[in-house]
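In: 3D model of this:
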Amino acid sequence: MLVICGTQRSGTTAVASLFKAEGYNLDSDLWDEVGGLENETICAFYREYLGDNTFPFTNFPGLPQGTDARDFTFLDLPVVKFSMLCMNPAFVTIWSKFRPPEFGDEFLVMNRNKDAVFESKRHSWEIFKQDSVLLHQNPETLRWNFATSLGLLKDYGYSVSVMPFEDLMENFCINDYLISMGCPLRICEETWEKVIDPRKVHFK
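Out: Numbers count the residues shown, from 1 in each chain. Below is the predicted model:
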């Protein structure tokens, strides 16, 4: 399973939109003014495990009735999005406990300048102030958490590829990053040209 992750405001929604437009099943239609396609099962699992009913944000819709958050362990999708994974090393440790490397998960980690991430969140503060306190981080904390989380993913033995935000926005090169980790999924250039638009407000 390919996991699109990194931090909020780092291009994860754009990448997830590429895969959705390509026809891959992300099992998510969750969307708001600043992004979307977070996998509801994963978010619900973390909300329950962390005991934080504001995670990832206070008005998170939760799972459909009859769905068990523990289904996270049994997810079998081509690709999912969980943008917040590298915002706290504990999130990575939790992932490794329930989905160890033997599961074959691969991580496409989006990397954006953390000052830009902070400013982008501040630009839409009316929305992001609803986030869990675990996601309210200044640039320095965000840099440390990201680097530590990325190091853990690699130390645990997961297949990881780090894609700079600029590469996503300026060049059709996403397949190079997928190939580098041995991921079989691909995006067509026509899809990239259709989906990626730097003028969209959620890329500020």
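In: against residue 141, how distant is residue 118?
Out: Separation of residue 118 from residue 141 (Cβ to Cβ, to the nearest Å): 10 Å. Bear in mind the C-beta positions are built from the backbone N, C-alpha and C, glycine included.
In: same check, this time on residue 82
Out: 19 Å.
In: which ones are touching residue 110?
Out: 4-7, 10-12, 15, 83, 163, 165, 168 (Cβ atoms under 8 Å, 6 or more residues apart in numbering).
In: low pLDDT regions in the protein?
Out: Counting by pLDDT under 70, the ranges of the chain that qualify are 30-35, 62-67, 198-204.
In: where exactly do the helices run in it?
Out: Counting by DSSP state H, the chain has helices at residues 12-21, 40-50, 89-98, 114-123, 125-128, 139-156, 165-170, 174-180, 189-195.
In: sorry, back to before: which of the contacts of residue 110 lies closest to residue 61?
Out: Nearest to residue 61, judged by Cβ to Cβ, of those is residue 83 at 16.5 Å.
In: list the contacts of the closest one.
Out: Per Cβ under 8 Å, 6+ apart, neighbours of residue 83: 4-8, 10, 12-13, 35, 38, 110.
In: centroid residue for the protein?
Out: Closest residue to the average C-alpha location of the chain: residue 83 at 2.1 Å, with Cα atoms, centre = their mean.
In: measure residue 108 to residue 52 for me?
Out: Going from residue 108 to residue 52 by Cβ to Cβ gives 26 Å.
In: tell me which of the two has more neighbours.
Out: Ranked by neighbour count (other Cβ atoms under 10 Å), residue 108 and residue 52 place residue 108 first, with 27 against 13.
In: list phi and psi for the closest residue to residue 167 other than its chain neighbours.
Out: Spatial nearest neighbour of residue 167, excluding adjacent residues (Cβ to Cβ, 6 or more residues apart in numbering): residue 173 at 5.5 Å. Note on residue 173: its backbone torsions stand at phi -140, psi 10 [degrees, to the nearest 10].
In: neighbours of residue 173, just the number please.
Out: Look at residue 173: counted by other Cβ under 10 Å, it has 13 neighbours.
In: that one contacts residue 164, correct?
Out: No. Residue 173 is beyond contact range of residue 164, at 9.9 Å (criterion: Cβ atoms under 8 Å).
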